[in-house]
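>>> Dropping a prediction and its sequence here:
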Amino acid sequence: MNRHDRQLLDKQLRGYTQHSKDGIVILTVVAVFFAGVTLGGTIFSRQSDPTRTTSSNEAVISFLNNTLTREMNSK
């Protein structure tokens, strides 16, 4: 291996080590994100009472029951 080959190899290896650092940074960001989601879910899930939401079917049935009741009472 001559001097020129060694320089080319060094250039190629420098590029390779930078990509591995990028991978470590990406993995760190992903790990911190999931840790935050998990920690936030455990901390804030117990602070509020669950609220009951009405589904669209229940809303339609309730509307029809009220309408029918009004019609029957008005006669």
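Looks like it arrived, so ask away.

>>> pLDDT of the helix or strand harbouring G41, averaged?
Applying DSSP states H and E as the criterion places G41 in helix 3-44. For helix 3-44, the per-residue pLDDT values average out at 84.

>>> What is that helix packed up against?
Other helices and strands packing on helix 3-44, by 3 or more C-beta pairs under 8 Å, 6 or more residues apart in numbering; DSSP states H and E, are absent; none qualifies. For every residue, glycine as well, the C-beta is placed using N, CA and C.

>>> Near V37, how many other residues are there?
Using other C-beta atoms under 10 Å as the criterion, V37 is surrounded by 10 other residues.

>>> Please report the distance of F63 from T69.
When C-beta to C-beta, to the nearest Å is applied, the distance between F63 and T69 equals 11 Å.

>>> Then I61?
Plainly put, I61 is 12 Å away from T69 if you go by C-beta to C-beta.

>>> now do V30
When V30 is compared with T69 (using C-beta to C-beta), they lie 56 Å apart.

>>> for V37, same thing?
The gap separating V37 from T69 is 47 Å, by C-beta to C-beta.

>>> Ok, A59 next?
According to C-beta to C-beta, A59 stands 16 Å off from T69.

>>> try V25
Using C-beta to C-beta, one obtains 64 Å as the distance from V25 to T69.

>>> And N57, what's its pLDDT?
The predicted structure lists N57 with a pLDDT of 71.

>>> just V60 next, same as before
pLDDT, the model's per-residue confidence, is 73 for V60.
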